[in-house]
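Colleague: Generate coordinates for the sequence data below:
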Amino acid sequence: MKFITKILVLSGACYLSAILLPGIHILNSFWSVVGVAVVIALLNSTIAPILNLFTLPINVLSFGLFSLIINTLMILLAGSLLHGIFVVDGFWAAFWFSILMTVFNNLANTIIGKEHNA
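Modeller: Below you'll find the predicted structure:
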């Protein structure tokens with residue numbers, strides 16, 4: 001149940017971020033948004049930790065800001081894997097998309113976490 005909730009929260013964050021950013025396009029379908037969220041979740045749970053491990057010295061020197069670049073690369077990779085369903089116009093669109101996704105996810109997890117614990 002927790003995984004489904006996280007995917008739905010990530011789906012909502014994807015949808016809101018795609019609406020707010022002109023360089024991100026998701027096919028207008030509920031299942032397309034959920035598919036994008038699943039692919040991003042899988043990339044963030046498999047490839048991103050490996051990249052974080054290899055780039056640990058750079059990440060330490062940049063006080064963790066290099067993680068934004070890794071998140072951006074994961075969004076670009078998702079866009080190339082889901083060509084036609086999830087279109088990312090460039091690096092900066094992916095960069096701002098990853099920042100918005102992080103903000104929306106943190107807000108939603110804070111709200112859901114408080115309601116779930118009560």
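Colleague: okay, CA-based contacts and neighbour counts for the rest of this
Modeller: Noted.
Colleague: tell me what the longest helix seen in the chain is packed against?
Modeller: Taking DSSP state H as the criterion, the chain has its longest helix at helix 91-117. On a contact count with 3 or more CA pairs under 8 Å, 6 or more residues apart in numbering; DSSP states H and E, helix 91-117 meets helix 2-20, strand 24-26, helix 66-81.
Colleague: So what touches the first one?
Modeller: Right, helix 2-20. With CA atoms under 8 Å, 6 or more residues apart in numbering as the test, helix 2-20 has contacts from 24-26, 33-34, 36-38, 41, 97, 100-101, 104-105, 108-109.
Colleague: tell me the contacts of the residue nearest to Asn44 when sequence neighbours are not counted?
Modeller: Counting by CA to CA, 6 or more residues apart in numbering, Asn44 lies nearest to Met74, which is 7.0 Å off, once chain neighbours are set aside. By CA under 8 Å, 6+ apart, the contact set of Met74 is Ile40, Leu43, Asn44, Ala48.
Colleague: who wins for neighbours among those?
Modeller: With neighbours defined as other CA atoms under 10 Å, the most crowded of these is Ile40; it has 23 neighbours.
Colleague: okay but that one is in contact with Ala78, surely?
Modeller: Yes - the pair Ile40 and Ala78 passes the contact test of CA atoms under 8 Å, sitting 6.2 Å apart.
Colleague: so where's this protein uncertain?
Modeller: Applying pLDDT under 70 to the chain flags residues 1, 114-118.
Colleague: repeat that for 90
Modeller: Applying pLDDT under 90 to the chain flags residues 1-10, 12-13, 27-29, 41, 44-45, 48, 64, 83-84, 101-118.
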